[in-house]
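In: Got a sequence here, can you build the structure:
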Amino acid sequence: MTLTIDNIYKCLSTVIDPELNVDIVSMGLIYDVTISKLQLESGEKDKIHILMTLTTPGCPLIGVLQQMVKDSLIEIENIDVDKDIEIELTFDPPWITDMMTEEAKAELGF
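Out: Predicted coordinates:
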């Protein structure tokens, strides 16, 4: 799979929140995805930056979710999931149920 923002979102949409059983994209937990080029001695290298949040700041599953996010991107060509992906957590703005897609709201009974 080639490295594009759309393909990253497709991969991220396979990550299911273990507590709510809805994907993290539909939940509105992904705030932004960017791709940048890093200049290395050996040439250019792509870097993925994912800005995301959690439903609550004290979520005990943060480590699990971060690994699930990285694992979902394993099919992206020329990306080392351990070195080329930066996951930044933010709680600004705080997550609210309005950030969910209509489908996710319906699935969860909102």
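In: which residue ranges form the helices in this protein?
Out: Ranges of helices in the chain, per DSSP state H, are 5-12, 62-72, 102-108.
In: can those go into CSV with extra columns for mean neighbour count?
Out: The way it works is simple: take the backbone N, C-alpha and C, and place the C-beta from them, glycine included. Formatted as CSV, the helices of the chain follow (neighbours: other Cβ atoms under 10 Å):
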stretch, mean neighbour count
helix 5-12, 16
helix 62-72, 16
helix 102-108, 14
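In: Figure out which of these is closest to residue 43.
Out: Closest of the helices of the chain to residue 43 is helix 5-12, at 21.7 Å (criterion: Cβ to Cβ).
In: got the angle between that closest one and helix 62-72?
Out: On the basis of axes from the mean of the first three to the mean of the last three Cα atoms, to 10 degrees, helix 5-12 is oriented at 130 degrees to helix 62-72.
In: Quick check: which helices or strands does helix 5-12 pack against?
Out: For helix 5-12, the packing partners by 3 or more Cβ pairs under 8 Å, 6 or more residues apart in numbering; DSSP states H and E come out as strand 30-40, strand 43-52, helix 62-72.
In: Now the ones you listed in a markdown table, please, with extra columns for mean pLDDT.
Out: Formatted as a markdown table, these follow (pLDDT from 0 to 100):
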| stretch | mean pLDDT |
| --- | --- |
| strand 30-40 | 93 |
| strand 43-52 | 93 |
| helix 62-72 | 95 |
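In: Please tabulate the ones you listed in a markdown table and include distance to residue 15 as additional columns.
Out: Putting the helices and strands packed on helix 5-12 into a markdown table (distance: least, Cβ to Cβ, whole Å) gives the following:
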| stretch | distance to residue 15 |
| --- | --- |
| strand 30-40 | 9 |
| strand 43-52 | 10 |
| helix 62-72 | 5 |
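In: I'd like to know how far the residue of the chain most remote from its centre sits from residue 3.
Out: No residue in the chain sits farther from the centre than residue 41, which is 28.9 Å out by Cα atoms, centre = their mean. Distance of residue 41 to residue 3, computed by Cβ to Cβ, to the nearest Å: 21 Å.
In: Residue 95 now?
Out: Counting by Cβ to Cβ - residue 95 and residue 3 are separated by 27 Å.
In: more neighbours, these two?
Out: residue 95 (20 against 15; other Cβ atoms under 10 Å).
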